[in-house]
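1. need the 3D shape of this:
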Amino acid sequence: MSDVYKALADETRRLLLDELMQRDEQTLFELCTKLAMHHDLTPTRQAVSQHLDVLEAAGLVRTERRGRYKLHTINTAPLAQIAERWPMRRTRT
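-> Numbering: from 1, shown residues only. Reported below is the predicted structural model:
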């Protein structure tokens, strides 16, 4: 679980997860383009690839090869574990 927290600690990785929530199965090129267009970030492709590796190691992203393309998909199961650990409290009214 500590890998999940470390992965989420970085703003760029959180933005990558946000983009994958919008649409799964994106390539590295697509994600780099979205970071530039939507968030005014221009990290190198190598930097984004390293961020995706961290997310994959934490179980937050899955990758699949299709021909010459490597597609990235979000996996929200580790996030659900966080919510189960600290569920929302009901507020008293």
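
2. switch to C-alpha atoms for all contacts and neighbour counts from now on
-> Will do.

3. tell me the mean pLDDT over stretch 54-74?
-> Mean per-residue pLDDT for stretch 54-74: 96.

4. an error on my part: the question was meant for stretch 15-24.
-> For stretch 15-24, mean pLDDT rounds to 97.

5. okay, that stretch in PDB with CA atoms only?
-> Taking Å, rounded to 0.1, in the frame of the first residue of the first chain, the C-alpha atoms of stretch 15-24 are listed here in PDB:
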ATOM      1  CA  LEU A  15      -2.700  14.200 -13.700                       C
ATOM      2  CA  LEU A  16      -1.900  11.100 -15.700                       C
ATOM      3  CA  LEU A  17      -4.500   9.100 -13.600                       C
ATOM      4  CA  ASP A  18      -7.000  11.900 -14.300                       C
ATOM      5  CA  GLU A  19      -6.400  11.600 -18.000                       C
ATOM      6  CA  LEU A  20      -6.800   7.900 -17.900                       C
ATOM      7  CA  MET A  21     -10.100   8.300 -16.000                       C
ATOM      8  CA  GLN A  22     -11.300  10.300 -18.900                       C
ATOM      9  CA  ARG A  23     -10.400   7.600 -21.400                       C
ATOM     10  CA  ASP A  24      -8.600   4.300 -21.000                       C
END
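
6. the spatially most central residue of the chain: what secondary structure?
-> Centroid-nearest residue in the chain: residue 17, 2.8 Å away (criterion: CA atoms, centre = their mean). With DSSP: H, G, I helix; E, B strand; the rest coil as the basis, residue 17 sits in helix.

7. gap between the helix or strand harbouring residue 81 and the chain center?
-> In the assignment (DSSP states H and E), residue 81 maps to helix 77-85. Distance, stretch centre to chain centre, for helix 77-85: 15 Å (CA atoms, centre = their mean, to the nearest Å).
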